[in-house]
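Asks: Provided below are the primary sequence and the corresponding predicted coordinates.
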Amino acid sequence: MSGDLRWSDYVLASIPADNEDVWAVAATRGTTLLLCAAGFDPRTLDVPSGVRKAVDRDLTVIAVRPNVAGEHDSAQVEARVNVEKLGVLFADALHIVDVPQAEDPATTGALMTRQLQESFNILAFDSVIIDISAFPSSLYFPLIRLFLQQSKTTAEQDPRFLGNLIVSVSEDPSTDDHIVPTGLAPASILSGFERMPEDDGTRIWIPILGAGANEELDAVQRLIHPHEVCPVVPFPARDARRADDLILEHQTLLRTELTLDTRNILYASESNPFDLYRQLVELTRRYTRALSPLGEVTVIASEHASKTLSLGLLLAADEVPIVVVEVRPSGYMFESSNHDRLEPSVSSLWLTGQPYEVSVVS
């Protein structure tokens, strides 16, 4: 199957020196755009600080300021501090953009992406680095999807993206412990990806399990009413018992309500999104081939874990028809960043551009 994959070969950097090399090499092509979030998350500055060291010319920075209702006062204070620090790093190269208001919150990411293209022509840059460390998935899924789709479009009327696309993320479990959702909006289908079919058919649910996600999983389950479930757990992982702990935490839903067949559990590398990407593409194609004679087959996925694993879902949903369901927090409680942070783990995925350009030697 690997020959049929868009990323059968890929570039993944996961140590500081390699990340800086990836950003620096990509930036040699010409103009470079860094897209990041300017929120309260302490990880807001991890990737921008590294990009500042690696890229010293023709750099434009767009920092999107998420607007989450119900944020705690401490989160607002931290967000202002992060915006000030971004200003120190990038000076006149920095543009702060507020997330637009949308009637349907599920379309906010698509609306933001469209406005960024209209205002900044983001598809025209030679290299684009998207830092998702402080972005919610409802915003970075449609944003990254734009570049992936326009990098392969052949429609003459559509703007094409012909440059380097790099997605970077800083993961820090110690920070996750200090960011607590204060409520959940109803589960919804993320705009810009596959839609739920109107006709009844076989529904396969792939939840990417995370700790403390019982309410989110229950909300998704009540929205989609799956016929079969294939949960994803991280393995290998830094915590060797994490996969077992997640299955135990969610066993009431998985075993009692959904009668999970343990053979359906997917084990995906916690640190390599391309591992989950390959498994999801294969799983979607296998279920479609096997069950389509019985009617329409819909593969539905939801992510409740790390941003690194969520990227595996995003790449798969760009390649095969997967409906993406999200459950957004209504707000956040945030304990001050004065806590002792662990050393963040930064990864960069180089998704389009120079590494994938094939030159023919005569």
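Replies: The structure has been received and is ready for your questions. Remember, predicted model here, so these are calculated numbers, not experimental data.

Asks: low-scoring stretches of the stretch 1-150 of the chain, by residue?
Replies: 1-3, 68-73 (pLDDT under 70).

Asks: show me where it has helices.
Replies: 16-27, 46-54, 73-90, 108-120, 137-150 (DSSP state H, counting those that start in this stretch).

Asks: quick one: buried residues of the helix or strand containing L313?
Replies: For L313, the element it lies in under DSSP states H and E is helix 307-319. The neighbour-count check on helix 307-319 (16 or more other Cβ atoms under 10 Å) flags 307-319 as buried. Placement of C-beta: from N, CA and C, glycine included.

Asks: quick one: closest of the helices of the stretch 1-150 of the chain to A213.
Replies: helix 137-150 (13.1 Å; Cβ to Cβ).

Asks: just to check, L223 is in contact with V325?
Replies: Yes. Using Cβ atoms under 8 Å, L223 is in contact with V325, at 6.5 Å.

Asks: quick one: common contacting residues for those two?
Replies: Counting by Cβ atoms under 8 Å, 6 or more residues apart in numbering, the residues touching both L223 and V325 are A187, S188.

Asks: those two: who's more crowded?
Replies: Neighbours were counted for L223 and for V325 using other Cβ atoms under 10 Å; V325 has more, 23 against 17.

Asks: name the helix or strand for the closest residue to A243 other than its chain neighbours, please.
Replies: Nearest non-adjacent residue to A243, counting by Cβ to Cβ, 6 or more residues apart in numbering: V233, 3.9 Å away. Following DSSP H and E, one finds V233 within strand 232-234.

Asks: so what touches that strand?
Replies: For strand 232-234, using Cβ under 8 Å, 6+ apart, the contacting residues are 206-209, 242-243, 246-247, 265-270, 276, 279, 305-306, 309.

Asks: can you give the distance from stretch 46-53 to the centre of its chain?
Replies: 19 Å (Cα atoms, centre = their mean, to the nearest Å).

Asks: contacts for it?
Replies: 16, 19-20, 23, 34, 36, 59, 61, 86, 89-90, 129, 131, 133, 168-170, 172, 344, 346.

Asks: if we use 6 Å, what do you get?
Replies: N19, E20, W23, L34, C36, L89, D131, S133, S168, S170, P344 (Cβ atoms under 6 Å, 6 or more residues apart in numbering).

Asks: for those, give me TSV that also has distance to E257 and neighbour count.
Replies: Output for the contacts of stretch 46-53, formatted as TSV (distance: Cβ to Cβ, whole Å; neighbours: other Cβ atoms under 10 Å):
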residue	distance to E257	neighbour count
N19	42	21
E20	47	18
W23	45	26
L34	44	28
C36	39	26
L89	48	16
D131	38	28
S133	34	25
S168	38	25
S170	35	26
P344	36	18
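
Asks: which among these gets closest to V99?
Replies: Using Cβ to Cβ, C36 comes nearest to V99 of those, at 13.1 Å.

Asks: and the gap between that closest one and R255?
Replies: 40 Å (Cβ to Cβ, to the nearest Å).

Asks: L33 too?
Replies: 47 Å.

Asks: those two: which is more packed in?
Replies: When L33 and R255 are compared for neighbours, L33 comes out ahead with 22 against 13, by other Cβ under 10 Å.

Asks: for the more buried one, name its beta-bridge partners.
Replies: According to DSSP bridges, the partner residues bridging L33 are T60, V128.

Asks: tell me who's in contact with it.
Replies: T60, F125, V128.

Asks: repeat the analysis, applying 7 Å as the threshold.
Replies: Contacts here follow Cβ atoms under 7 Å, 6 or more residues apart in numbering; on that basis L33 touches T60, I62, I122, F125, V128.

Asks: and the fourth one, its phi and psi?
Replies: Recorded main-chain torsions at F125 are phi -70, psi 150, according to degrees, to the nearest 10.

Asks: skipping adjacent residues, who's closest to it in space?
Replies: L33 (4.1 Å).

Asks: any stretches of the stretch 251-362 of the chain with poor pLDDT?
Replies: By pLDDT under 70, the weakly predicted segments of the stretch 251-362 of the chain are 332-342, 359-362.

Asks: now do the helices in it.
Replies: Under DSSP H, counting those that start in this stretch, the stretch 251-362 of the chain gives helices at 251, 273-291, 307-319.

Asks: so which of these is nearest V297?
Replies: Comparing the helices of the stretch 251-362 of the chain under Cβ to Cβ, the one sitting nearest is helix 273-291, at 4.7 Å.

Asks: nice, that's everything, thank you.
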